[in-house]
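# Just to be clear, the model below is a prediction. Sequence and coordinates:
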Amino acid sequence: MSIHNDPELYPAPGDFRPERFCEQTFNPFEFLPFGGGNRRCIGAGFSEYEMRMALSEIISSIRVEPTNNEVDIRHDIAMGPKTGVLLRILERKRR
């Protein structure tokens, strides 16, 4: 994808530097890991599904509790916390 080769957005685009994604916040139009439109990666849907399954396995194997009971709620089309919810890991569940 040519946007990922733009040196204004990605300095030294040919270098393998995964830490660049921790150094800078990209907007949705600057980071397109699966491409877009009719040339989108054929494995994108599977990859996103697989990540949800992996995350659900991790979360289901630990006990967590919120660090703070006070949560600011955004009232949009879908309601939810404005800034996310911080969780404390209590213990790992035994299976």
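Sure thing, it's come through. Numbering: from 1, shown residues only.
# C-alpha only now, for contacts and for neighbours.
Fine.
# can you map out the helices along this protein?
Using DSSP state H, the helices assigned to the chain run over residues 20-23, 44-60.
# Mind putting these into TSV with mean neighbour count and distance to T83?
Output for the helices of the chain, formatted as TSV (neighbours: other CA atoms under 10 Å; distance: least, CA to CA, whole Å):
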stretch	mean neighbour count	distance to T83
helix 20-23	10	19
helix 44-60	12	20
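# mind checking which of those is nearest E8?
Nearest of the helices of the chain to E8, taken as CA to CA: helix 20-23 at 13.2 Å.
# coming back round to it: adding mean pLDDT as columns, could you present the helices of the chain in TSV?
Rendered in TSV, the data for the helices of the chain read as follows (pLDDT from 0 to 100):
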stretch	mean pLDDT
helix 20-23	83
helix 44-60	92
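# who wins for proximity to A12 among these?
Checking these against A12 by CA to CA gives helix 20-23 as the closest, at 10.4 Å.
# could I get that closest one in PDB with only the CA atoms?
Coordinates of each C-alpha in helix 20-23 appear next as PDB, following Å, rounded to 0.1, in the frame of the first residue of the first chain:
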ATOM      1  CA  ARG A  20       7.200   3.300  15.500                       C
ATOM      2  CA  PHE A  21       3.500   2.500  16.200                       C
ATOM      3  CA  CYS A  22       4.200   3.100  20.000                       C
ATOM      4  CA  GLU A  23       5.900   6.400  19.300                       C
END
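# mind checking how far that helix is from the chain centre?
On the basis of CA atoms, centre = their mean, to the nearest Å, the separation between the geometric centre of helix 20-23 and that of its chain is 13 Å.
# Low-confidence regions, this structure specifically.
Within the chain, the segments meeting pLDDT under 70 span 1, 95.
# would JSON lines of the helices of the chain with distance to R88 be doable?
Supplementary listing: the helices of the chain in JSON lines, determined by distance: least, CA to CA, whole Å:
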{"stretch": "helix 20-23", "distance to R88": "23"}
{"stretch": "helix 44-60", "distance to R88": "12"}
